[in-house]
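A.B. asks: pasting the sequence and the predicted model now:
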Amino acid sequence: MPSLVYLHGFASGPRGSKGEHCRLWAAARNIPFLAPDLNLPTFEALTVSAQVEAVEALLRTLPQPPVVVGSSLGGLVAAAVAHRGAALAGLILLAPAFGFASRRLEGPRWAGYRRRGSIPIFHHARNAWTRLGPELLADLPAWADDGRWRVGAPLAILHGTRDESVPVQVSRAFAGRHGGADLRELDDDHGLLGTASLEVLDDLLARMCQAARSGSASTGP
């Protein structure tokens with residue numbers, strides 16, 4: 001049976017609210033569930049490269065292409081893995097952080113980080129302030145081309161129209177480059193934890209996991 005893999009977001013962890021929602025959904029249906037910790041190699045020395053390489057290594061251990069759910073930065077990582085050729089049965093992106101690199105390399109909000117090479121970040125999984133170091137900043141240029149990425153797996157994107165962290169326009173643009181993408185714009189914020197949003201997520205999980213079991217889903221580019 002294909003697994004369900006959940007990739008958490010920035011300054012978070014695998015036991016966050018959406019991760020737990022997916023875990024319980026999978027457990028109720030006897031679907032194997034994996035949620036790796038993507039604070040790699042540590043959050044203080046975080047790099048997208050380390051996250052992508054860890055997910056690729058995890059996927060190579062699975063007997064079948066999984067359905068992958070990626071939230072925020074985890075959504076960017078999931079899209080990167082798919083773009084680089086990983087075989088996936090389906091891809092569900094929750095407010096994916098497209099433009100994550102460019103906003104930190106160019107945006108005014110992150111000017112202090114660029115100048116000092118570190119920045120205090122509230123880490124939700126630790127429930128504490130943590131200082132993010134310069135490793136992420138040095139790694140980001142390698143991931144600044146997400147506007148050219150393509151994925152071959154069945155693709156669904158959920159994005160809140162009230163998202164103040166990642167603009168919904170980036171998901172519109174990504175979906176627009178993928179003719180078969182299922183873009184759901186929801187009356188929600190970046191968390192996508194509203195009841196209606198979670199119902200949409202559950203419906204997409206059911207559809208993609210059923211397609212994966214029946215073998216009707218594509219498994220990659």
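C.D. replies: That came in fine, so what should we check first?
A.B. asks: switch to C-alpha atoms for all contacts and neighbour counts from now on
C.D. replies: Will do.
A.B. asks: strands of this protein, residue ranges please.
C.D. replies: Per DSSP state E, the chain carries strands over the ranges 4-7, 33-34, 67-71, 90-94, 119-123, 128-132, 155-160, 182-186.
A.B. asks: now the spatially most central residue of the chain. Nearest residue, chain neighbours left out?
C.D. replies: The structure's the chain has its C-alpha centroid closest to residue 75; by Cα atoms, centre = their mean the separation is 1.7 Å. Leaving aside its sequence neighbours, residue 75 sits nearest to residue 96 (Cα to Cα, 6 or more residues apart in numbering; 4.4 Å).
A.B. asks: quick check, the one you found in contact with residue 69.
C.D. replies: No - the pair residue 96 and residue 69 fails to qualify as a contact (Cα atoms under 8 Å) at a distance of 10.1 Å.
A.B. asks: okay if I get the strands of the chain as JSON lines plus distance to residue 25 and mean neighbour count?
C.D. replies: Shown next, in JSON lines, are those (distance: least, Cα to Cα, whole Å; neighbours: other Cα atoms under 10 Å):
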{"stretch": "strand 4-7", "distance to residue 25": "10", "mean neighbour count": "26"}
{"stretch": "strand 33-34", "distance to residue 25": "9", "mean neighbour count": "19"}
{"stretch": "strand 67-71", "distance to residue 25": "12", "mean neighbour count": "27"}
{"stretch": "strand 90-94", "distance to residue 25": "15", "mean neighbour count": "28"}
{"stretch": "strand 119-123", "distance to residue 25": "25", "mean neighbour count": "15"}
{"stretch": "strand 128-132", "distance to residue 25": "29", "mean neighbour count": "15"}
{"stretch": "strand 155-160", "distance to residue 25": "17", "mean neighbour count": "24"}
{"stretch": "strand 182-186", "distance to residue 25": "20", "mean neighbour count": "17"}
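A.B. asks: would CSV of those strands with distance to residue 208 and mean pLDDT be doable?
C.D. replies: What follows is the strands of the chain, written out as CSV (distance: least, Cα to Cα, whole Å; pLDDT from 0 to 100):
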stretch, distance to residue 208, mean pLDDT
strand 4-7, 10, 98
strand 33-34, 14, 98
strand 67-71, 7, 98
strand 90-94, 6, 98
strand 119-123, 31, 97
strand 128-132, 36, 98
strand 155-160, 9, 98
strand 182-186, 12, 98
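A.B. asks: switch those over to JSON lines; also include distance to residue 103.
C.D. replies: As requested, these are arranged in JSON lines below (distance: least, Cα to Cα, whole Å):
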{"stretch": "strand 4-7", "distance to residue 103": "21"}
{"stretch": "strand 33-34", "distance to residue 103": "30"}
{"stretch": "strand 67-71", "distance to residue 103": "18"}
{"stretch": "strand 90-94", "distance to residue 103": "18"}
{"stretch": "strand 119-123", "distance to residue 103": "15"}
{"stretch": "strand 128-132", "distance to residue 103": "16"}
{"stretch": "strand 155-160", "distance to residue 103": "18"}
{"stretch": "strand 182-186", "distance to residue 103": "22"}
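A.B. asks: of all those, which lies closest to residue 50?
C.D. replies: Among the strands of the chain, strand 4-7 comes nearest to residue 50, with 13.3 Å by Cα to Cα.
A.B. asks: how far does the closest one sit from its chain's centre?
C.D. replies: 9 Å (Cα atoms, centre = their mean, to the nearest Å).
A.B. asks: run through who's touching it.
C.D. replies: 14, 19, 22, 26, 31-36, 38, 66-71, 74-75, 77-78, 209 (Cα atoms under 8 Å, 6 or more residues apart in numbering).
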